[in-house]
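**Student:** Structure of the sequence below:
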Amino acid sequence: MKFQAIKLLLHVRAANNWLIFCVGLLLLPLCVPAQSNLRQHITFQAENQRFEDVMLSLADAGRFSFSYNPSLLPVDSLISINAQDESIRNILASMLGQEMEIRQQGNHLVILRTRYTPKPEVPVAAGRISYHIRGQIRDRNGNGLPNATIFDIKSLQSAVTNDNGLYEIDIPSKYSVVGLSVLSKGVVDTTVVVENTDKTLDITIYSSRGYRKEVPEYEGPDGINKRSIVRIVTPQSGIERSTGRSLSAERKAQISIIPFTGTNMKMSGMVANQYSFNVLAGYNGAVDKLEIGGLVNIDRFYVHGAQVAGLANAVGRETNGIQLAGLFNTNLGPVEGVQMAGVTNLVLDSLSGLQVAGVINVTEGRTRGVQLAGVSNLAVKDVDGVQLAGVLNIGVKDVNSVQMAGVMNFGRNVPGGQLAGVMNTSYGRVSGIQLAGVLNSGRTLRSLQLAGVMNVAIDTVHGAQLAAVFNFARKNHGFQLGLMNMGDSAAGASVGLLSLYLRGYNKIELQTNETLPYSIRVKLGANPKFYNIFGLGTQGFGTGEIWGYTYGIGTAFSVGKRRRNMINFDLTATDLQDDDTWFEELTLMGRFGVFYAQALGKRFRIYGGPVLSALFFDPAKTDEFPFILEIPPSNKLFHEKYRDVDVIGWMGFEIGLRIL
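**Tutor:** Numbering: from 1, shown residues only. Below you'll find the predicted structure:
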């Protein structure tokens, strides 16, 4: 950022024809506060240079602006300075001596005669309360500048120029010397120091083009003027007077009844106060310690400390401290600290701290801390803290910590955790945990999804999906446990009643065995590591034949040089019925078989192997269902009785053709 000092020569015409010569050294309004510059340590040297030239060089080195009455200083004297790592305040003190003092007014330094120095007598007419100063504010071409604000930096008495740039202002007579500051959009802020008498004072000011970067209104403090609450409680004339103006003065405290009706008068939007008290509503420049409002507090720039309002707080830039409002808080800048509102907290920048709202919290920047809302939390950028809501949490970007909601959580990437009574949604990567009563969804899962009903990973699962009903992953490289699992392909395990994968282990088998010679089976799984078996078989196709309905699980691995042959281990349960029973009685046959499958081309395998079978039945039912005793072959291995259940075991076989 470039800083340039401008030397302004202002000629003043007074009623008694005497002339005061004022010099203002001015800098850009975007410079840092003057007080911090005074504490800055610099190395500064000057050898036999004019006092006024040294002041110009010091202002440029220290990045501040100041105004003074040349008649009070030895502007043409030659001085020498050799300061090594010295504060600017001490350098100025050595130049000005004890008879002059420095007063800070916003971004300006005003050099005045110290109050301990005897002041020359200024004749004041008996009963005279104020002096009247009038004149014209002109641009560099001599044209009148309309809608410019001129004010006394001590009393804050102010006026606005008319269409011709003319103004009139009354200054309290108790001040012998006054500093008049001129503010207008697109020009360099200008301050002159003159003797307080009735006079005509014309001031020429210069364009800021080339000296400051134009800032869009929504990026600056005047974006707060677009808010409905500001337009409702603040007169439009006051808003227009303050728009585009920087902080120009500081006060220990102010009291307002309504905006612009208080101790700072029409200048309130350009004044920074340590303490601010608004009976109904107030419109101020900034607050450094405490602000209390019966209904509404509005600050164009910042709030450092505490802000309490019966209805609403609105701040144009940063807020550091505590903000309490009966209805809502609105902040256009970052918030560090605590926000509490009965209805809504709105931060158009980042949040570092705690937000508590009865209904909704909204943060458009990064959220570092905690958002707690009765209904909903919204963070437009990353959430590095915790969101707790009765209904809904939304993190438009990454959720790096935790979201907890009674109904739903939404985020992009979730390195942290989402816990919801109904649903969690991530449209990015889930490397944390999703726990939901109904549904979890994400693009890529690297950790855990646990849901009462369903889990969905649109892309890849590297972690685990656990659901009571359904899991979906386009690519499963992790683990799935659910009643039903679906996807495109899988290198991981999918365990459930049914696993359907487009590129999974999907086989059809035509087989015969010692019990049901005519059988067909379907094997479905994510991969050979785990698959489900569904089968149907019969002893024949006439009347009174025995039928079997099979479900089972199995696993397989490849063998052989080309890994085209396979070894399968199948465990099945078959319910056996005949034409007359039709599920009136459960007759269960369990089978465990080991099979070798020999490849016949790419799509066919012939397989076979031994099977250990066991039939479980109620012996008291054999008279009613005589087909039960027809099932076991004659070569029984055992016949055991366990209370009301008989178990008959035997060795059998399966031989078949596997397709696909």
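
**Student:** Any idea which helix or strand in the chain has the lowest mean pLDDT?
**Tutor:** strand 6-14 (a mean of 29; mean pLDDT, DSSP states H and E).

**Student:** which residues in this protein form helices?
**Tutor:** Remark: helices assigned in the chain by DSSP state H are 34-38, 51-62, 88-96, 228-233, 236-242.

**Student:** now the strands for the stretch 451-600 of the chain?
**Tutor:** Assigned by DSSP state E, counting those that start in this stretch, the strands in the stretch 451-600 of the chain fall at 454-461, 464-467, 470-476, 479-481, 484-490, 493-495, 498-501, 505-513, 518-527, 530-538, 546-559, 565-578, 588-600.

**Student:** Any idea how far the third one is from the middle of the chain?
**Tutor:** Taking the mean of its C-alpha atoms, strand 470-476 sits 31 Å from the chain's own mean (C-alpha atoms, centre = their mean, to the nearest Å).

**Student:** before we move on, what about the second one?
**Tutor:** Computed by C-alpha atoms, centre = their mean, the separation of strand 464-467 from the middle of its chain amounts to 30 Å.

**Student:** ok, residues contacting it?
**Tutor:** Residues outside strand 464-467 that contact it (C-beta atoms under 8 Å, 6 or more residues apart in numbering) are 445, 447-455, 457, 471, 473, 478-483, 485. Quick note: C-beta positions are derived from backbone N, CA and C, even for glycine.

**Student:** Just the buried subset of these, written out for PyMOL, thanks.
**Tutor:** Buried residues among the contacts of strand 464-467 (16 or more other C-beta atoms under 10 Å), as a PyMOL selection:
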select buried, resi 445+447+448+449+450+451+453+454+455+457+471+473+478+479+480+481+482+485
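
**Student:** on that earlier part again, format the helices of the chain as a markdown table; extra columns: mean neighbour count.
**Tutor:** Shown next, in a markdown table, are the helices of the chain (neighbours: other C-beta atoms under 10 Å):
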| stretch | mean neighbour count |
| --- | --- |
| helix 34-38 | 17 |
| helix 51-62 | 19 |
| helix 88-96 | 17 |
| helix 228-233 | 16 |
| helix 236-242 | 17 |
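
**Student:** Show me the one of these that comes nearest residue 646.
**Tutor:** Taking C-beta to C-beta, helix 228-233 is the member of the helices of the chain nearest to residue 646, at 82.8 Å.

**Student:** In stretch 558-570, which residues are buried?
**Tutor:** Those buried within stretch 558-570 under the rule 16+ other C-beta under 10 Å are 566-568, 570.

**Student:** what does it contact?
**Tutor:** 528, 533, 552-557, 591-599, 605, 607, 609.

**Student:** Now with 10 Å, please.
**Tutor:** The contact list for stretch 558-570 (C-beta atoms under 10 Å, 6 or more residues apart in numbering) reads 507, 509, 521, 523, 528, 531, 533, 535, 550, 552-557, 591-602, 605, 607, 609, 611, 654, 658.

**Student:** Can you tell me which of the residues you listed are buried?
**Tutor:** Buried by 16+ other C-beta under 10 Å: 507, 509, 521, 523, 528, 531, 533, 535, 550, 552-556, 591, 593, 595, 597, 599, 605, 607, 609, 611, 654, 658, out of the contacts of stretch 558-570.

**Student:** And residue 140, its phi and psi?
**Tutor:** Main-chain torsions, residue 140, degrees, to the nearest 10: phi -70, psi -20.

**Student:** what about the nearest residue to it once chain neighbours are set aside, neighbour count?
**Tutor:** Nearest residue to residue 140 in three dimensions, chain neighbours excluded: residue 206, at 5.3 Å (C-beta to C-beta, 6 or more residues apart in numbering). Residue 206 has 14 neighbours, counted by other C-beta atoms under 10 Å.

**Student:** Over to residue 613?
**Tutor:** For residue 613, the count of nearby residues is 24 (other C-beta under 10 Å).

**Student:** mind listing what residue 41 touches?
**Tutor:** Residue 41 makes contact with 83-88, 90-91 under the criterion C-beta under 10 Å, 6+ apart.

**Student:** now it: how far from residue 598?
**Tutor:** Taking C-beta to C-beta, to the nearest Å as the measure, residue 41 falls 89 Å from residue 598.

**Student:** With residue 585 instead?
**Tutor:** Computed as C-beta to C-beta, the residue 585 to residue 598 distance reads 40 Å.

**Student:** Looking at residue 227 now. What's its pLDDT?
**Tutor:** pLDDT, residue 227: 89.

**Student:** My error: substitute residue 63 in the last question.
**Tutor:** 66.

**Student:** Just give the number of residues close to residue 294.
**Tutor:** 16.
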